[in-house]
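1. What follows is a predicted protein model with its sequence.
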Amino acid sequence: MFVSNKLGRIFAAMCALLLSMGTMWAQNITVKGRVTDSNGEPVVGAYVLVEGTRQGTSTDFDGAYSLTAPRNGALVFSCMGYRDLTVPVNGRSTIDVVLQEDAMLLEDAVVVGFGTQRRENLTGAVSAVNVSQALESRPIADVGRGLQGMTPGLTVRVGSTEVGSDPLFRIRGHVGSYLGGSSPLILLDNVEIPSINLVNPDDIESISVLKDAASASIYGAKAAFGVILITSKKGAKTETIKVNYSANFSFQSLTDTDGIADVDALHYTVEAAERLGTYTPVGAFWLVDRAGYNAAVAWKEKYGSTLDPYAPMVYGRDWYLDASNRKIGVRTYDPYVYMINQGAPTQSHNLSVQGKTGKTNFNISLGYLGQSGMLKPTEYDDFTRYNANVRLSTQVNDYINVHAGMMYTNSNKSWAFSTNSTTADPWYYLFRWGPTYPLVPTDEFGNSLRNQVYEMGAANEANIKTNYTSVNVGATVTPLKNWDIKFDYTYAVNNSQEFNPGITYWAANLWAGGQAVKDAQGNFVTVKNEWDQYNNLGPSIIQQTLPVQSYTSSYDSYYQDSYTSIRQTWNITTDYSLKLANHKFDFLLGMQAVDYRRTGVWGKKMTLMDITNPQFALATGTQTSGGTNSWNSTLGFFGRVNYNYKEKYLVEANLRYDGSSKFPTHLKWRWFPSFSAGWRLTQEPWMQDITHVLSSMKLRASWGMIGDQTVSSSQYIPLISAQTTYWMHSGVRDNAYATPAIVASDITWQDIVTLDLGLEFSLFNQVDFVLGWYQRDTKNMIVGMEGLGYNLGSPPPNGNYGSLRTRGWEASVNYRKIFDNGFSLSASASISDAKTIITEYGSALSIGGWYNGKTYGEIWGYRVDDLYTWDDFGLQPGQWAQLEQLIATDKYGRYYQNVKGYASQGKITSGSAISGPGDVRFKDLNGDGIIDNGSQLLTIKDENGNDVPGYGDLDVIGNTTPRYEYSFRVDLGWKGFDFSMFWQGIGQRDLWGGSALTIPGFNSSDGAMAQAIAGNFWYETLDASGKVIDARYDAFYPRAHNLYSSGTGFNMQVCDRYLLNMAYLRLKNVTLGYTIPEKITKKAFIDKLRVYISLENFLTFDNLRGLPIDVEEIPGYSILNSSNYNSSRTGVGAPAFKSASFGVQLTF
Amino acid sequence: MALVLLVPTSCSDFLERSSLVDLDDNTYWNSEGNVRLFVNGAYAYYFSGYSDNWGSVYAPEVYATPYNDDRTLTGTQPNILLSVPKDNWYRNESTAYRGTWLSHRASAPWNFAYIRKWNLLMERLDTMKENGYLTDEAYNHWMGVARFLRGWDYSRFVQSFGDVPYYDKQVESADIDAQFKDRDPRTYVMDQVKADFDYAIANVRADDGIDYINKYVVSTVAARCMLFEGSWLTYHKNDEALKTCSDIDGHAKTFLQAAVDYAAVTINSGKYGFNKDFRTLFGNLFTTLTGTANEVILYRTYNKSVNNSAQHCYASYSGGNNARESQRTSGNFATLKAWICQDGRPYNSSTVENVESFRMQDMVVTRDPRFEASFLDETWTTPTGLYVQKFIDREGCDYFWNGKTSPAYYNSCTNENGFPCIRYAETVLNWLEAKAILADFFGGPAVTQADLDKSINAIRTRPLDQVAIDKGVKKTAPLTLAMVSSMNDPERTSNIQKTTLGYNTRGFCSPLMWEIRRERRMEFFMESVRTLDIRRWGWLELMLSTNNPDIGVGGWVELDLARNKPADNPSQITNLKKTKNGVGYNLLTASNKGVVSVRHIEKVNADGSIVLGPRVFFDGSNYSEMRGFLVPQNFKDFDPRNVDVRNYLEPICTDVINQYKEKSMATGNNYTIYQNPGWEE
């Protein structure tokens, strides 16, 4: 509130100054006074008008005013950000008033490209984010998470809960370009920043989201997919010095801790193996068979609730070697117990000093964030960030104001270096190996056990340390009152260093075979076999141990890499305002140049001398190194005209001439125009009769084209790139140069054309509505050329060959009322949707790829009738032998003949699998008696030469794109108490899973799986005579199978029944705060003291049937690997958490 | 105001930023060194050796799944291919795109990236020559290399698919007709391949540096490809798939003669021989054997310490440590029967002492020395009880047996022993077989004793290493034409052979051919050669145990001796090899009742062949009956649909077929590509 308040004051003061010029005074009494806000601060630039006239003045820097007014008249006090106040004069000569802040009106001044506009005068689709609601008193690490759900049309996806990771941003639709970025440009004070994580939420003065081409186009080359415009706090406007301090302490805990299957997973594994004809133990190093499963169930019964989870692993009780020396695990381990530290703390502190002395104002701020991850075995799992920010400006003389600023961010992501793989990190294995894979620290001899828990605990600390420094200098020259010339130069250096210190472990090898233990005399030692009744190994067995070995995998090394990127930005703008009677003009001209260079280097040295101190200097082995070097640049010239007729008709035009280094010389430069217009209906005289109901109403429309160049450089050049092969000549690996790919030499800008319509209105001055519709076309989209044969031997060249179109709408409503008793209530809700269609992509017809008319994200799959029952085959339960008699073979494959006339599934059941009782029964959508996917083409010719659908029984069963994003919040305030509640959700999103947490039998022999699957799959247990003694026929999931690390195969296909419904509604935040009354805090020279508690992510409603994945999950996305993290397995990563926090905010 | 000066004033310079680290095709081609760097990228694809890291394509079979009659695993034998795959196409030359089919057939996927690479290189070489960047000699050499590698890749295409579209120049992206042309007959394609090889043989340097492609590499590989095609046309001449070809016999003869001629270049050079023992060829650590072992023509070395990741995983599957990298498959009874004995005769007619014993301890001293070098001399925990130790040096497997931790270069995927990618033994065996086929079917001169001495007998003179000598291993007697006519191996004329396609086409193979094929089986055991051999000979039917029951049977085991000494039965005898940790090979346990089974020798026929009895299952007490040939647990035959005439060729994957269909729909032109017989949908 503090932020926008200041902004409002400046703007109001400017307006008041304009207004006061040429004002005439009536001959009345003189009234003086002072206008203050509820905190006793002077309100600068408030209008003071004599009611019913246009006479008035505005307050000075001390909030003081003086004017003449009729003795019996009334004064109207108004100021942007405050509620109007009418006070009768009643003959008084001194009237001091206190204006009440009106938060709703605070948003009236909106930061736009290279300027500020009054909200009612906006003609483009621009939203100002309520910074205090989004960012204050929330236990969130970064601005991005705070922005989620705050603005319709801005989608923020938190795809990874890994600490320190960036959320994904999209403005209006999830895809804008195939090979380029689809992300909005994030600008801090008009300069692009590499990550929103770098910004201290406390330093932010305003955030605007520029959504359409007309408003974003002024930023040109990278702004095609919208702009998130952040401005930082610049200092105070009045002669004050204020110190703000805020702190937040939060504690994270898992949202879900019972999603991983225990002994039921063993049941599934054994059922799947036996189905495949494997009766010997299966698994990964720790095996299970029917006997082992039965023993594990018995173990669970006997020890499950009594044995300390950290009790050492004991041979004969917790595991045994079967007769073929295979390790059978009996004890089950709950990964959450060993891996998750419930209540991981996070704290943040921010201190800032803002003020103005003389002609200089300044803002100095310091921030600290210390976030702990939730991994229990290691102390190295956290993210810390330090921010320091200085902004100052000074008025040199009447014409020149100079400013300078510096922003420094230091962040450190730290983790335990037990692997450098981001496609298979410890989380991957935790959700891979089954419940008997020992996670306990030691065995009965006190040896450490080689497992994820031990390795993480023993590992050295790896880091990614980032230093971001941005230095900004500039000046504003004001040759004439209405003419500004602004120069701004920013030099930003981002340096990131990654350290991977290797380790040598010393632990019992859980992957090795057992070793018999002998006593001092050389005789074998025996122990009790607790599970003889299941394994028949006799009552006593030879004590086994596992070989304790040192091992390094491939990490007996020290690795460090470092990259530095330097971005220089020059912004020069000049603006001029002109007012001719009812005609107001604003002109802007400018240029913007961006120069970006990035260099990187890495080095690695093998064989560490001291594993407790890994260093280059303390390693003796081979050294290797490498590096990268790249650069690009953009240059743009732009102009803007705003025209305002009587605050009623508003027109804006932009033109930009952009150049990019990414295209060949003759195609570098392009012109991009945009236009927008607004009509404020409620300014029309004929609308005045209903303004008591319809307080305001505005129609707006815009059209614009922006060039996009967010593709990689040099695509028009047939590059020959260097590689190092694994083949060696003369003792060293070969250098090699690859074959140049086919390229298109005429590659140029992608054109992003947006049409935007908006309607804004408010009722009773209390309820505001904003409705918007838009269409965004990506024309000349850079994609691989369609329709080239595989026989070409090269990937198709990229060029401007495609187009796509996104259409969407947004709606939001705000309500705010402050009741006379001081109770304040505000509520808001918003919803948005976008859908993208491919509009041009050659003549493609393949449903697996892009084709004209395809909805982006669509999922093709089969529709499921049900699971096959015994009845379908005319058999009774347990008649497996009789079922075998029903096997028939056609040219596609084998199937059981059913008696119900269901279509043959032999063609899609790969390998030797046959669909029988308990397996998925698919619908024969095209009624041809065979379940198949046809030619996977939209249309083919039938035998008569007619075009017919060519995709067999497939259908579009879902879409991966999030749709119908909605949010709502309620804020209440009363006597210093404030309460807020914020909900956010997605109405529709589908996902085909790819992990043991989402797909039944994904890799059943590896062992781990979701309990929702392990406890709800079709099975049948027979006794020796073939009689059914146990079964689950009403299961949701089909009969057990092993898909060997795939989401499909055998009897499982992409289908509607097992498609994940990722829609959700989540209580993102609940905050309860209390501001200590000022009269108490004043005694301690404290202006404001607020304490609060805040809960984040505390409640989620979803449709996942208990599968232990987060609803916001994006497979494969993480800070460490944004495209194939943990082999893109769904939900396999740091689990989602909720947090509870308390905090304090202090101003003095 | 000074800030204005910082702004770059020249707009055009400011925006000129092409790649700083990549080279440009338009300027790259200016030296012979650059040509070499361009070719370097293909070595790992063409000369796979032990592949790299966990790779298995074209590499030995101890780690991959089995697709020939030398190998068996437990349970149901895995499918080769039952349905047409969707997407067996690639257009990238990265080693990651070599394709999974290679493990099925040791042949190539639908990937034209290399064809394009060499066509592009040839065009660039022409330009370089015109511009004076290459001498005539260098031009001829590199043109030879390019044509050799193009020919080799087309040969692999043909081995996989039969007919394939042939391109002798780069396909332009605008040339849709070329991209969607139909397949060319394999005889036409191989005629072009032969022309490439003829050029390469004539022009590639005899020495271009150690382990670079030279005339002798070309000679051996070209002979291999020509032998494949010549023998394919010989034994498959009645295949429906060859209906597109003409003059099959004439082509067969031409290609076989080319194989003889190509191989003769190396043989006649006199540079190569057999001066190193067999095991050393595969277990040599860190450095090349080229120049040291005179049978090595091209060697792939690994050395992780010099440069991280130049490593593989094959030694770790050969060191005996079953708890880590276990051999899922191993040799079977058919393999054991095939191995020649030290007197140069098969087991059924050999007179070597104790030759009738199939105990591994006995077999290592009665069979050809390559048996001892290939197998562990005990039975061990593999599906068949046979454990292959060919791909590790002598030292590497001792660690496990002694209970010691082995160095990293024997474990995991951090192995560093090298592989003889091209070796002289193959040269002489290809040469000999091509001569023999020409003699048998095309009126060529008969194979002479001198021919045998240059080939099979030369190989048999390979020295033995001390470990083998200490065990009592001896060199195998030379093969003589007299011996060949005197030993009439009953296996050759057995009913099994009558089921094969090769028999159907050309009758039983001659006694000499039988011995030539046997020599290949021993020499290249587990080296992915057998899979291609049984395909070209029309022997795929041997992979079904209904035809060839011996593949469903493992090695000779004496399980009662192999038992661990159980604490509850200390009197139990235990005298077999166990590790120092007391871990043994014990299958006779309560839970294996009804699971473990062996087959006894029921009788020995008059011709020396063995008849096995029925399976005898362990019943919990019949310890003494548990000596015999081990049956892999739960053994179940291949799905017979895997072994059908259609399986001699790969189907064209549905993506390719659909892409032709799609293009036809889009253009109105009729682009079709025919499917291989039996795979049509």
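-> Right, received. Where do you want to start?
2. A:Lys1083 belongs to a helix, doesn't it?
-> Yes - assessed with DSSP: H, G, I helix; E, B strand; the rest coil, A:Lys1083 lies in a helix.
3. Let me know the pLDDT of it.
-> Here, the pLDDT recorded for A:Lys1083 equals 85.
4. same thing with A:Tyr1037?
-> So A:Tyr1037 comes in at 97 (pLDDT).
5. Need the phi and psi values for it.
-> Dihedral angles phi and psi of A:Tyr1037 (degrees, to the nearest 10) take the values phi -90, psi 150.
6. Now do it against A:Gln905, distance only.
-> Using Cβ to Cβ, to the nearest Å, we find A:Tyr1037 at a distance of 17 Å from A:Gln905. Placement of C-beta: from N, CA and C, glycine included.
7. Between those two, point out the one with more neighbours.
-> A:Gln905 (29 against 26; other Cβ atoms under 10 Å in any protein chain shown).
8. Okay, and whichever residue of the stretch 301-450 of chain A sits closest to chain B sits in which element?
-> Using Cβ to the nearest Cβ, A:Ala323 is the residue of the stretch 301-450 of chain A that sits closest to chain B, at 2.3 Å. Using DSSP states H and E, A:Ala323 maps to neither a helix nor a strand.
9. Extract the residue ranges of the stretch 251-400 of chain B that are flagged as low pLDDT.
-> B:306-308, B:322-324 (pLDDT under 70).
10. Which residue ranges of it form helices?
-> Under the criterion DSSP state H, counting those that start in this stretch, the stretch 251-400 of chain B contains helices at B:278-283, B:333-338, B:360-366, B:369-374, B:398-401.
11. same question, the stretch 501-650 of chain B
-> B:501-506, B:511-523, B:529-536, B:559-562.
12. Can you convert the ones you listed into CSV and add a column each for distance to B:Val553, mean neighbour count and mean pLDDT?
-> Below are those laid out as CSV (distance: least, Cβ to Cβ, whole Å; neighbours: other Cβ atoms under 10 Å in any protein chain shown; pLDDT from 0 to 100):
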stretch, distance to B:Val553, mean neighbour count, mean pLDDT
helix B:501-506, 23, 18, 89
helix B:511-523, 17, 21, 95
helix B:529-536, 18, 22, 90
helix B:559-562, 15, 21, 74
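13. how about JSON lines for those, with distance to A:Lys233 added?
-> Shown next, in JSON lines, are the helices of the stretch 501-650 of chain B (distance: least, Cβ to Cβ, whole Å):
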{"stretch": "helix B:501-506", "distance to A:Lys233": "83"}
{"stretch": "helix B:511-523", "distance to A:Lys233": "80"}
{"stretch": "helix B:529-536", "distance to A:Lys233": "72"}
{"stretch": "helix B:559-562", "distance to A:Lys233": "80"}
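14. quick one, which of those is nearest to A:Val31?
-> A:Val31 lies closest to helix B:529-536 among the helices of the stretch 501-650 of chain B, at 103.8 Å (Cβ to Cβ).
15. so what's A:Met80 scoring on pLDDT?
-> At A:Met80, the pLDDT recorded in the model is 66.
16. likewise A:Arg92?
-> 85.
17. Next: B:Thr9.
-> Confidence score, pLDDT, at B:Thr9: 49.
18. circling back to that earlier point, chain A: which of the helices of the stretch 501-650 of chain B is closest?
-> So among the helices of the stretch 501-650 of chain B, helix B:559-562 is nearest, using Cβ to the nearest Cβ, at 11.0 Å.
19. other SSEs contacting that closest one?
-> strand B:627-631 (3 or more Cβ pairs under 8 Å, 6 or more residues apart in numbering or on different chains; DSSP states H and E).
20. picking up where we left off before, chain A: which of the helices of the stretch 251-400 of chain B is closest?
-> helix B:398-401 (9.8 Å).
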